[in-house]
Every structure is written in C-alpha cells, then in structure tokens.
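In: Following is a predicted model, sequence given first.
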Protein chains: 2
Amino acid sequence: MSRQIETEFLQYVKKIEAYKEALSLIYWDLRTGAPKQGVEQRSEVIGMLSSDVFNMSTSKEMAIYIEALEQANDLTEITKKTLEECKKDYDRNNKIPAEEYKEFVILRAKAESIWEEAKAGADFALFQPYLEKLVGMTKRFIGYWGYEGNKYNTLLDMYEPGITVEVLDRVFGELREKIVALVQKISESPNKPNTSFLYKHFPKEKQRQFSLDILEQMGYNFQAGRLDETVHPFATGLNPGDVRVTTKYNENDFRTAVFGTIHEGGHALYEQNISAELIGTPLCDGTSMGIHESQSLFYEKFVGRHPSFWQNNYDLLKKYSSGQFDQVEHDDFYRAINESKPSLIRIEADELTYPLHIIIRYEIEKGLFNDEIEVKDLPQVWNEKYEEYLGIKPDHDGNGVLQDVHWSGGMFGYFPSYALGYMYAAQFKNALLKDLPNYDQLLEEGDLLPIKEWFTEKVHKFGKLKQPLEILQDVTGEGLDAQYLVDYLYEKYNKVYQLV
Amino acid sequence: MSRQIETEFLQYVKKIEAYKEALSLIYWDLRTGAPKQGVEQRSEVIGMLSSDVFNMSTSKEMAIYIEALEQANDLTEITKKTLEECKKDYDRNNKIPAEEYKEFVILRAKAESIWEEAKAGADFALFQPYLEKLVGMTKRFIGYWGYEGNKYNTLLDMYEPGITVEVLDRVFGELREKIVALVQKISESPNKPNTSFLYKHFPKEKQRQFSLDILEQMGYNFQAGRLDETVHPFATGLNPGDVRVTTKYNENDFRTAVFGTIHEGGHALYEQNISAELIGTPLCDGTSMGIHESQSLFYEKFVGRHPSFWQNNYDLLKKYSSGQFDQVEHDDFYRAINESKPSLIRIEADELTYPLHIIIRYEIEKGLFNDEIEVKDLPQVWNEKYEEYLGIKPDHDGNGVLQDVHWSGGMFGYFPSYALGYMYAAQFKNALLKDLPNYDQLLEEGDLLPIKEWFTEKVHKFGKLKQPLEILQDVTGEGLDAQYLVDYLYEKYNKVYQLV
C-alpha cells in the first residue's frame, strides 16, 4: 500500500522539480542575454511556474502524502529525506497566512526596484520605509514559524540548518579579533606588493580562453556545462548534466574573470557531481548555502590563489596576455594577486578582509531581529562598524549600507553563509591534506582531478542527503572551528607581506 | 455573467501560453548549445510541460468554457477568435482515443531516431515499417476527424486552413509545367554565371557581423531579439518582445549564413510585429505555415536576391570578406548568387528549382493518403519523379526519399506550405509595388523600413486574427494565383541566364 503512495509521491515531487528546472533555465537566460523587451511577458511565465511550485508544495495533496508516508517505516533513504524536505517547505509556507505571503512577495518586488534607485542616488531615506516593512513582516513570520533560543536562529536555519547565533557569536568573534589584528599588522608593513602591472589591457576573448582552460583543469565537464558572460557572475545547476557557469570580463583587470570563473566553477563542480539517483527530487541540490560556498571558496582561495597553482599556470596566462607579465617574476605576481587592503565594497574585498564585511552584516541582522537596532539607525551603525573593524568609512550610503541586494529581497540570514563557507573550506583543506599530502605538488603539476574526486566522494555526491554540519563532522571529525581559517590567513599573509 | 467566464477563460488560456513560452525557450536552448548530458533530464521537463499544455487544451474545464462562451454574443473579437482556436484544438485532440494518441507520440519518437539511422545508412527498408505505421495511424486519425472532398484536405488544414487538394492541383500543376520548361531552357543556355569566387574562405565572425548589419537594415529589433548559431537555422518567437534568430556559418560559402539569416529574419519580423494585445492568447503567432513562409521567402528572394539590394550592400560585403570579391563586378556577383541548377537536396536547392522539390512531395503525400501509392514503392516513385521533373536521379535513398525529417515526425501535409509561401510572397510583392512603386530605389538606398511597415500593417499585426486566405484576399484583392511567381521567375532567370 505505502509503496504505491511512495511512487505517486515521488512522481508528484518530480513534477515540482521539472517546473523548477524550467524556472532555472529562464533565470539563466534572463541573466545571459535575453532580449529586454521580452522580459515583461517572461515575468508572467515566471509567475505562473512559481505559483505552480508554490501551490504544489503547499497543497492538500502534499499534506496527504506527508501524513500517509510519515508513519511508514519501509521508505527508501531517498524518499525519507525527500519527505523531510517537503515537510519543511510545507510547514514553512503553510504557517504564513496566504494574504500575508502575497503581500510580502509584492513588497519584495517593489522594494528591489526602490533599492536600486536608492543605491544609485545614495538615498537611504528612500529605501528605509520598505526595509522597515520587510523587517517587520519577517519578524511576524518568525512569530508564525516559532524559534529556539534566538529569533534570528529561525532565519539562519533557512540557509544553514544547524547553525545558531550561539555558534556564530563564537566563531565570528574569534575571526573578527584575529583578522582585525592581522589587517593592522599588514597596514604597518613596509613590504607592500607592487600591483601596477595587474591593470593592463587584457582582451576579453583571451581571458575567456584562459578561463576555459582553467575550468578544464579543475575537472569541469563541458559535456555537462558551458561558460557564458553576465553582469553578476553565478553558476546554476539545471540538473547534474547541465550546470552552467557565467563570468564577467574586465579588460583592465583580468582577476575579475579568472577568480570569478574559478569561484563559480567550484560551485559548478558540486552540482555536476551530485549523485544521479537524486535527480528529480529536492535532494538534487547543494545541502546549504554555506557548504556550496565552501566549494567555490575552496577553489578560489586554496587552489586559485595558491603559489603552486600559478607555478603551473603562469606561463599559460602569459601566453594569453599581451605581454603585461613578461617582466614580472612568479613570486611578485603571486604577491600582487594576494594584495590585501581594507575596502568599502564586499564583493570587491580581498580574501583577508572579506570575512569582516560578513561579520558586520551578521551583527546588524542579529541586532535588527532582536530589537537592538532600528532600521533608521542602520547607516550610522554601518559606518561605525566599518570604521571600527576596517578603519575606513563609506563616503555615502551607496557604497555603504545600500550596497547589497539581499535585504531588498527579504533575504535576512543569508550573509553568514559566505563566511561559514570559508571556514568549512579551511577545515576541508586540513582533512584533504591527510588523504592527499602531495597537494602542493598536484597543483604544481596541474593535476587537479584527485581534488575534485575527493570532494565528490566526501561532499558532492550526497546532495541534500546529509545536513551541512553532518558533512563537516563526517569529513573532518570535528564541528565548526574558525582556527583553521585563521591559521591559513596568518601563514599566508605573513608570507605575502613578509611580516615575520 | 458571461463576462466573468470570459475573464476566467482568458486567464486559463494565458496559462497554457505561459507553458508554451517556457517550452519554446527550452527548445531554443537545446538547439543553440545546451550541454549534451543534460538533455535526457530536460526531456522529462519537456514531457511534463507538454502534458500540461495537452491536458489543459483537452480538459473538461476547457469543454465547459467552450460550451459556455460559444453562445455568447458579446465577446470581444480577440476572445471570439481565441475560442475558435481552442475549440479547433480541443476537437482535434479529443476525437482521437487517448490510447491511440499516446501510441502515436511514442511511435513518432522512435521513428525519428530510426529515420536518422536509415538516412545515414541509405537504408529505406529499415525505415519502411515505421513509415507504414505512421501513415496507417494518420489515416485512422483522418477517419476520426472526418474530411471534405479529399482525405488529404484534413492534413492540409492543420497547416494551411482553407487550402485544398483542388487548389493545390491547380497552382502546383501550373507551377510545375512552367518551371520545368524554364529549367530546361536554362540547362541549354550557354550563358552560365561564373561562381568560382563564391567558395573562398570567409571567417565566421565576419559573416556574423555582416548578418547583424543586414538584420538591422531589415528593421529587426535587437531589443526584442538576438542572433545565435545553430545547426539547422530557425527563428522562434517566445513573445513579440523576444523573437530570436539563429543561423549557420559555412566558412567556404558565405551564402549559407547570409541568405539563411535573411530568411529567418523575415520570420522574425512577423513575430516581432504581432499586435501586443494578442500576447497571452493562441492568436499571438503566425496565422499559418504558408503565410509565415511568405515573410521569410519575401525577404530572402525579393529583397536578399534583388540586384538593388546588392547595389547597396556589395561594398559592405567586400569590407567584411577577405578580398574574394575585389575583382568581381556587381553584375557578375548578382548572377553568381542566383545560379540555378537541378540538385537532389531540397534544403540546398536554388529558388527556381525549389518548388519542384515541394511539388514532388505533395504528389507523393496525396497519393499515399488516397491509397494510390504504397509506402514500399516510395523510393521508386521518388526517383522517377526527380528524373521527370528535375532530370536527375538520387544515387541512393539517403539523398533521395529519406532526406527530410518531416515524415518521421508524422508531419504529413506540411510540405506544401513552403511553396504556398513562395506564391503568397510573389502576390504580396505585386500588391506592395502599388503602395511603394519606388521599391527598387528603397532597396538601393538600404531603406527597408517602409517594407517592414507595410507588412506589419497588412500581415504581421493580425497574428491569427485572420485566416491565411483572408489575408491574401485583403492584401491583394485576389485568391491564390501561381502566375505572379511564374512571372517573377521568368523575368529574373531570363536576365540571369541572358535567355532573351
């Protein structure tokens, strides 16, 4: 009996996933060159398909499946976990009154376009009432959903199940202290790298060729993917056989495309290597934003910014460039691409100062949802924290509190994932070294496949079958620990800035 | 009361159209570079969305809408015509027993892959049983659908409403006789154009630049479209604000891309200029295959192969090419690109012999569905007709009876549209000259917008609001008449081959 319901349930879920795949393709298309004048009507299509997904996920039919199967004890592992995901979605969406959810969706769409305007005009007052409403509604939602320990935990749980304020206070506290001290030491160092040669003209088409070569080295499967150009780079997995990478080219700074491609390539390797048996279920996805980010950051930082990686690829880069590196020694190149300097914009930050940008956002969000910070005070709070942690202050709110899109989309609780991913990556690196002690040599020889294979076995293939902290525990034998990232940063920057 | 049902009906239809738009994007993507390994799962998505479209079009709900609204006399013109389209679809699909329809869909998928194999191996016997089943099932369907006058009329009606065997026998008979005679005269002419300079290396990127310039001249709106590369060129209208053109580049024959782009550009102009008020209804589409083809062929033949067009664009072509035309006079160029020579492959045929390829297929299909020809005899019938009309004979079935995909997809009745479009185009040209008597001069000056505007007012904007023969009558004041095309061909080829 339950076997038949199980089959029907999986068929039902498969249909939801099919709509989601169509939506992913539409979004990819919109961000890689869909004609402008078709967008309005395309939004209608998005609306229809999104409603289908929402309606099916919250339907009476879904409730019946959940109820019928929850008691079954002969479900396959995949069905069981799929059911858990569906139930989580069902509960989350059904607890909010339909009218309020609709209001929220409309508010969000409006807020995003107001935010764009506000950012362009550096006009926080314009955005403030919308942000107040978004925060207010989200607080009401937390009321519906309930919370454990801290209200903000409910938001964290949406992006990084298992991670709480208690955990973040600990690891972010440690990170903040250690990074602030290191940033200070660097600012006093007389041994600054020369970076002038980075900003020479490097034709887009040549950058693309180099990017393709690097993706190939990483083990990105071009039979299951493609590389396109976009304004805000991303990777998207339509299914494991179709995982697309996008990048952006700056002809006066090749690093944008190269490190952007490696970063998105890391995301893409994750999605390409999820086990095929999970296709058609909600498990066929990265398990969390943080674990996803661990994959992109691992490749960007521990591969792409590693001296051995450039030992192997510097000649190739020279070949594609127009002579800008001809007089530059490998070591000087390595130091230049690892320059660290406090800056205002998160997405342009170097790898050392980046976590501070995240920690600032975390502290602010936590304050907002625990009624310790008011929206109207955000510009002031923001600027004070930038001054305190990074020693710099935005000249206007456009490159300060208004810089990120997330809040206008109601995505509170998302930011911590970026820094979590970085810590996970450092912990994974430590575990990986035990299995691949010749890591530096592999990079030097351009033999990156064993690294991909290691991650596929340890992380990728499971999709959402395992929770993020379960993966971390299984791979490293430990819980979340900031020390590995701190050690990496100290060792690296001591070297780059010749601090010791 | 009926106003509310009308609104609900239009909302229902809008949803069907949204699924179709998502499907169009998926097909475009599959044909312009979707990663191979994702295709299997993408087929599942196509299957789900196609089922949604089919189920909604044939549902009880649709039946209720049709019944409720058919009697209403206060419907808007758009609702009325939308209802007619929906009813036509509903009747066609509901008359076939569900089991048989399913069997047909499966057979078709199988037959297409067998056909590919059979074509590659020039092995008609392999394909024969599948083709027999396809023809057999289609005959049964005609039984369900009914017919007037001739069984084949029911198939013609699916692609070109209003066109019958009686009409085609008349116009195709005339065309065949006149073209065969002209082909004969040309073959005897001593004044053959020199074409050797056509086959020089012309880099793809330069061909693309030229193609973009020509599309721009035609009035193709790049804010509502884009040009991509594909294997089998096509244009696709996702909505009037997003109509995409694809083309194919042959670096040793620039004509493939140039005339292909102009052809698809003609299709695209049609779809870009359908009235916005038809968006979200089935009327937002070309009214028939033949009228659609009239637009592509008009631009390909009456614009793109016109001497005045090249008066204006020959220098531009020279600029993009690598010197291959430097020693070639405009007139010699014009004659070369208009060379006519009987050939075996329809899609490679020149504009004079092309209709003969269509007429052969028409005669064969008509014979098949009137039990005058048997599938097993097709290779022989085919070869005899090629010999009779074109004076050449396929050396094997791969470039003979197996060359086209249509039959393997069960698309019987489609071929005539190609030649109908050509005749429509010639008739439109004659009408257009009355409004734009300075046609040649417009081409010479590259001022093609008045031509596009004329077609928008006369054809494009109506979408499916008007039937094909209604448009022909309204624009030309006449019914279908082969004479205009015959006159054009005689005048042109007399000149190219200096026959007179």
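Out: It's in.

In: Confirm that residue A:427 sits in a strand.
Out: No - counting by DSSP: H, G, I helix; E, B strand; the rest coil, residue A:427 falls outside a strand, being helix.

In: just checking, it touches residue A:474?
Out: No - between residue A:427 and residue A:474 there is no contact under Cβ atoms under 8 Å: 11.8 Å. The C-beta positions use only the backbone N, C-alpha and C, and glycine is treated the same way.

In: Comparing those two, which shows the higher neighbour count?
Out: residue A:427 (23 against 13; other Cβ atoms under 10 Å in any protein chain shown).

In: what residues are up against the more buried one?
Out: A:472, A:475, A:476, A:478, A:480, A:481, A:484, A:485 (Cβ atoms under 8 Å, 6 or more residues apart in numbering or on different chains).

In: Skipping adjacent residues, who's closest to the residue of the stretch 151-300 of chain A found nearest chain B in space?
Out: In the stretch 151-300 of chain A, the residue that lies nearest chain B is residue A:242 (2.5 Å; Cβ to the nearest Cβ). Take residue A:242 and drop its neighbours on the chain: the residue closest to it by Cβ to Cβ, 6 or more residues apart in numbering or on different chains is residue B:38, 2.5 Å away.

In: List phi and psi for that neighbour.
Out: phi -90, psi -10 (degrees, to the nearest 10).

In: I'd guessed it sits against residue A:244; true?
Out: No - Residue B:38 is beyond contact range of residue A:244, at 9.2 Å (criterion: Cβ under 8 Å).

In: what touches both of the two?
Out: residue A:238.

In: Filter the contacts of residue A:427 down to the ones in helices?
Out: Using DSSP state H, A:472, A:475, A:476, A:484, A:485 are the members of the contacts of residue A:427 that sit in helices.

In: The residue nearest to the second one when sequence neighbours are not counted: what's it in contact with?
Out: Looking back up the chat, that one is residue A:475. Of all residues not flanking residue A:475 in the chain, residue A:458 sits nearest, at 4.8 Å (Cβ to Cβ, 6+ apart). When contacts are counted by Cβ under 8 Å, 6+ apart, residue A:458 touches A:428, A:431, A:471, A:474, A:475.

In: Just the buried residues from those residues, in ChimeraX please.
Out: Filtering these down to the buried ones (16 or more other Cβ atoms under 10 Å in any protein chain shown) takes a single ChimeraX command:
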select /A:428,431,471,475
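
In: Which secondary structure elements does the helix ranked longest in chain A sit against?
Out: The helix spanning the most residues in chain A, taking DSSP H as the definition, is helix A:2-31. Under the contact criterion of 3 or more Cβ pairs under 8 Å, 6 or more residues apart in numbering or on different chains; DSSP states H and E, helix A:2-31 touches helix A:39-57, helix A:60-70, helix A:77-95, strand A:235-239, strand A:242-247, helix B:2-31, helix B:39-57.

In: Chain B versus residue A:480, what's the distance?
Out: Residue A:480 sits 34 Å away from chain B, going by Cβ to the nearest Cβ, to the nearest Å.

In: now residue A:84
Out: Residue A:84 is 23 Å from chain B, by Cβ to the nearest Cβ.
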